[in-house]
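Undergrad: Any chance you could fold what I've pasted below:
(chains A and B)
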Number of protein chains: 2
Amino acid sequence: MTELPAQVSIREVGPRDGLQNEAPVPTEAKVRLLDALSHTGVRRIEAVSFVHPKAIPQMADADEVWAKATTVDGVRYSALVPNSRGAQRALAAGFTEIEVVVSASDTHNRRNVNRATAESLDDIAALIGQLHSQGAVAEVIIATSFGCPYEGDVDPARVAGIVDRVVADGADRVSFGDTTGMATPRRVREVVTAVRDRHPDLPLLLHFHNTRGTALANVLAALQLGVTDFDASVGGLGGCPYAPGASGNVATEEVVHMLHDLGIDTGVDLEALLAAAALAEEIVGRELPSGVLRAGPRTRLVS
Amino acid sequence: MTELPAQVSIREVGPRDGLQNEAPVPTEAKVRLLDALSHTGVRRIEAVSFVHPKAIPQMADADEVWAKATTVDGVRYSALVPNSRGAQRALAAGFTEIEVVVSASDTHNRRNVNRATAESLDDIAALIGQLHSQGAVAEVIIATSFGCPYEGDVDPARVAGIVDRVVADGADRVSFGDTTGMATPRRVREVVTAVRDRHPDLPLLLHFHNTRGTALANVLAALQLGVTDFDASVGGLGGCPYAPGASGNVATEEVVHMLHDLGIDTGVDLEALLAAAALAEEIVGRELPSGVLRAGPRTRLVS
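TA: Sure thing, here's the model as predicted:
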């Protein structure tokens, strides 16, 4: 633990990944949350996705949310797109950092987009070309990297093989999604090691869910491997579609709270983040699964 | 992570520490839970406490619970006592492993027992003598070892100093309580290192709460330090008195689930433990904060 990184970069995914997995909320609430998060010191925010409104009504107003949000200098905003049509909308809206998704597990990929992983990878190759031709950065998110709810364990060699392919196709970054909370410190080590062995200089982002309580243990294991990029969702926004009642995304404030205690700089003002988490809770109208939001930071004393 | 212990011993504290911090439940329910836990493969169970019924009505029927429980060979059962009177009751009931508590923080100790830590340590010295004279093993639990909700950080040197004292007074074991969930991987390393430096051969037990999401990260950090003894509470039984709504004890099934995935043997049958957790939830009549109980183990696939 003496060799942990000095700095970590958090990407706040609550406005997109979080709200996309909650009951729909008004446009104005989304804008308020996005604006609050822009002032927490977090340096990257996944703002919206440009998906078909019939498939995902939660993001039907993505253009309007983005037009009304007040961006802050120094914060990088990204959008997720499912296909070429979405990419055009994202580019037209002014995004220059764009994410596309593929599942490491064939079964999960078929359930999501009715295609095998290999077919989605062909689509993604074309998408990367489209994004690059318009000057945007392309990130590939590999879902179910740490396990698939239908297939079980996913071979880290398969995950690394997908990385090989998308890197060959020009992906600027790759992130690894723990889609249904199957990651453990062991799986984190296996996936990171398998990918690093073949792509030592590729920036890796890890995205954990806290479905089975392991999220911060996974973050710790990843820090010990030198990983410095993590997704997290304010308040733990974003339910878990496969396990009703289970928590989904790890709460940003829980990640930041632990990182700061470990002496790791994130640039985030934890109190401002907690205010944003309280706003997130108000917006969705349910208690969010964030211990630090409930109990306060360990430094907040009982008088 | 390649140097993790091969085996870990879990002490199940749900019947005592868990139920003591829930609304009172019937004697018969306590017996059912205790009996279910005795058949999970867990090797140690904190069964009851012998405290004053007016102070802690949840444990008023300790003698009856213990008399009705069916003990299983190979399982070690312990009881917690606050004082000499409690120790007499525990010994009379047949317990040979007995725990006493002191807070590392003066303020917390005063709030609990209206005494300074040093005064409680004098009482404990006498209690250890009483227990040893009747052939029982004495464990000292040091509460607020990783932080105090009133005072904040607790100097690990102070915790180590308390260990010095109780070891000198004959304590057979020492455990370290994260009473209000203030432990982090950093605090775990600091406390374990401070104690180990002075008592390299003393068995250490760690007791974590998941109030701020760090429990399994703390377990991982402790495993990396070679710690092999942990408390945990089935289903996460046991609220957190200082932070209403916050989770208290880390759920046994979350600890076991992660340990097994790390290839660490616990002797526990996770499915039997999950059945006991479901029983615990039924008994207290509220949803317990256990992700593995909610979502199932990562190996349980969606068909």
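Undergrad: interface residues of the stretch 101-250 of chain A facing chain B?
TA: A:147, A:149-152, A:180-182, A:184-187, A:189, A:210-217, A:219-221, A:224, A:240, A:242-243, A:245-247, A:250 (Cβ under 8 Å from any Cβ of the partner chain). All C-beta atoms are positioned from the backbone trio N, CA, C, and that covers glycine.
Undergrad: next helix or strand past the longest helix seen in chain A?
TA: When chain A is parsed with DSSP state H, its longest helix is helix A:117-133. Next in sequence after helix A:117-133, counting helices and strands by DSSP states H and E, comes strand A:137-143.
Undergrad: what's that following strand packed up against?
TA: Applying 3 or more Cβ pairs under 8 Å, 6 or more residues apart in numbering or on different chains; DSSP states H and E, one finds that strand A:137-143 contacts strand A:97-103, helix A:106-113, helix A:117-133, helix A:156-168, strand A:173-177.
Undergrad: Make JSON lines out of those and add distance to residue A:259.
TA: Conversion of the helices and strands packed on strand A:137-143 to JSON lines gives the following (distance: least, Cβ to Cβ, whole Å):
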{"stretch": "strand A:97-103", "distance to residue A:259": "23"}
{"stretch": "helix A:106-113", "distance to residue A:259": "30"}
{"stretch": "helix A:117-133", "distance to residue A:259": "31"}
{"stretch": "helix A:156-168", "distance to residue A:259": "25"}
{"stretch": "strand A:173-177", "distance to residue A:259": "18"}
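Undergrad: I'd like the ones you listed as JSON lines, with mean neighbour count, distance to residue A:296 and mean pLDDT appended.
TA: Formatted as JSON lines, the helices and strands packed on strand A:137-143 follow (neighbours: other Cβ atoms under 10 Å in any protein chain shown; distance: least, Cβ to Cβ, whole Å; pLDDT from 0 to 100):
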{"stretch": "strand A:97-103", "mean neighbour count": "24", "distance to residue A:296": "33", "mean pLDDT": "98"}
{"stretch": "helix A:106-113", "mean neighbour count": "19", "distance to residue A:296": "37", "mean pLDDT": "95"}
{"stretch": "helix A:117-133", "mean neighbour count": "17", "distance to residue A:296": "42", "mean pLDDT": "98"}
{"stretch": "helix A:156-168", "mean neighbour count": "19", "distance to residue A:296": "37", "mean pLDDT": "98"}
{"stretch": "strand A:173-177", "mean neighbour count": "23", "distance to residue A:296": "30", "mean pLDDT": "97"}
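Undergrad: looking at these, which is closest to residue B:301?
TA: If you check each of those against residue B:301 by Cβ to Cβ, helix A:106-113 wins as the nearest, at 9.8 Å.
Undergrad: Skipping its backbone neighbours, what lies nearest the spatially most central residue of chain A in space?
TA: The centre of chain A sits closest to residue A:231, judged by Cα atoms, centre = their mean, with a distance of 4.2 Å. Using Cβ to Cβ, 6 or more residues apart in numbering or on different chains and skipping residues adjacent in sequence, the residue nearest residue A:231 is residue A:207, 3.9 Å away.
Undergrad: give me the beta-bridge partners of that neighbour?
TA: Beta-bridge pairing for residue A:207 (DSSP bridges): residue A:177, residue A:231.
Undergrad: What number of residues are in the vicinity of the residue in the stretch 1-150 of chain A positioned nearest to chain B?
TA: Per Cβ to the nearest Cβ, residue A:149 is where the stretch 1-150 of chain A lies closest to chain B, at 4.5 Å. The tally of other residues near residue A:149 (other Cβ atoms under 10 Å in any protein chain shown) stands at 26.
Undergrad: where exactly do the strands run in the stretch 201-303 of chain A?
TA: A:204-207, A:229-232 (DSSP state E, counting those that start in this stretch).
Undergrad: Indicate which one of these is closest to residue A:61.
TA: With Cβ to Cβ, the closest approach to residue A:61 among the strands of the stretch 201-303 of chain A belongs to strand A:229-232: 22.6 Å.
Undergrad: For the closest one, list every residue counted as buried.
TA: Buried residues in strand A:229-232, counted by 16 or more other Cβ atoms under 10 Å in any protein chain shown: A:229, A:230, A:231, A:232.
Undergrad: so the residue nearest to the centre of chain A touches residue A:255, yeah?
TA: No - using Cβ atoms under 8 Å, residue A:231 makes no contact with residue A:255, being 9.1 Å away.
Undergrad: okay, and the common contacts of the two?
TA: The contact sets of residue A:231 and residue A:255 overlap at residue A:10 (Cβ atoms under 8 Å, 6 or more residues apart in numbering or on different chains).
Undergrad: Report the contact partners of residue A:76.
TA: By Cβ under 8 Å, 6+ apart, the contact set of residue A:76 is A:43, A:44, A:45, A:97.
Undergrad: got the contact list for the closest residue to the last one other than its chain neighbours?
TA: When the adjacent residues along the chain are set aside, residue A:97 lies closest to residue A:78, with 4.0 Å between them (Cβ to Cβ, 6+ apart). Contacts for residue A:78 were tallied using Cβ under 8 Å, 6+ apart; they are A:11, A:44, A:45, A:46, A:47, A:95, A:97, A:98, A:99, A:139.
Undergrad: Dump these to CSV, plus distance to residue B:267.
TA: Below are those laid out as CSV (distance: Cβ to Cβ, whole Å):
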residue, distance to residue B:267
A:11, 41
A:44, 44
A:45, 46
A:46, 43
A:47, 49
A:95, 53
A:97, 49
A:98, 50
A:99, 44
A:139, 44
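Undergrad: residues in contact with residue A:236?
TA: Contacts for residue A:236 (Cβ under 8 Å, 6+ apart) come out as A:210, A:247, A:248, A:249, A:250, A:251, A:254, A:288, A:289, A:290.
Undergrad: Pull up the gap between it and residue A:146, please.
TA: Residue A:236 sits 18 Å away from residue A:146, going by Cβ to Cβ, to the nearest Å.
Undergrad: returning to what we had before: which of the strands of the stretch 201-303 of chain A sits closest to residue B:30?
TA: For these, the distance to residue B:30 is smallest for strand A:229-232, at 39.4 Å, taking Cβ to Cβ.
Undergrad: what residues does that closest one touch?
TA: Contacts for strand A:229-232 (Cβ under 8 Å, 6+ apart): A:8-13, A:17, A:46, A:175, A:203-208, A:219, A:222, A:249-252, A:254-256.
Undergrad: Against residue A:15, how distant is the closest residue to residue A:280 other than its chain neighbours?
TA: Nearest residue to residue A:280 in three dimensions, chain neighbours excluded: residue A:235, at 4.0 Å (Cβ to Cβ, 6+ apart). According to Cβ to Cβ, residue A:235 and residue A:15 sit 11 Å apart.
Undergrad: And residue A:173, by the same measure?
TA: The separation that residue A:173 has from residue A:15, given Cβ to Cβ, amounts to 19 Å.
Undergrad: Residue A:89 - that's part of a helix, no?
TA: Yes - applying DSSP: H, G, I helix; E, B strand; the rest coil, one finds residue A:89 inside a helix.
Undergrad: can you pull the contacts of the nearest residue to it once chain neighbours are set aside?
TA: Nearest non-adjacent residue to residue A:89, counting by Cβ to Cβ, 6+ apart: residue A:50, 4.1 Å away. Neighbour list for residue A:50: A:59, A:62-63, A:79-82, A:85-87, A:89-90, A:93 [criterion: Cβ under 8 Å, 6+ apart].
Undergrad: go again using 10 Å as the cut-off
TA: Residues counted as contacts of residue A:50 (Cβ atoms under 10 Å, 6 or more residues apart in numbering or on different chains) are A:56, A:59, A:62-63, A:66, A:79-83, A:85-93, A:95, A:98.
Undergrad: Which of those residues fall in helices?
TA: Per DSSP H, helices hold the following members of those: A:62, A:63, A:66, A:85, A:86, A:87, A:88, A:89, A:90, A:91, A:92.
Undergrad: Three-state assignment for the nearest residue to the first one once chain neighbours are set aside, please.
TA: Of all residues not flanking residue A:62 in the chain, residue A:48 sits nearest, at 3.9 Å (Cβ to Cβ, 6+ apart). The local conformation at residue A:48, judged by three-state DSSP, is strand.
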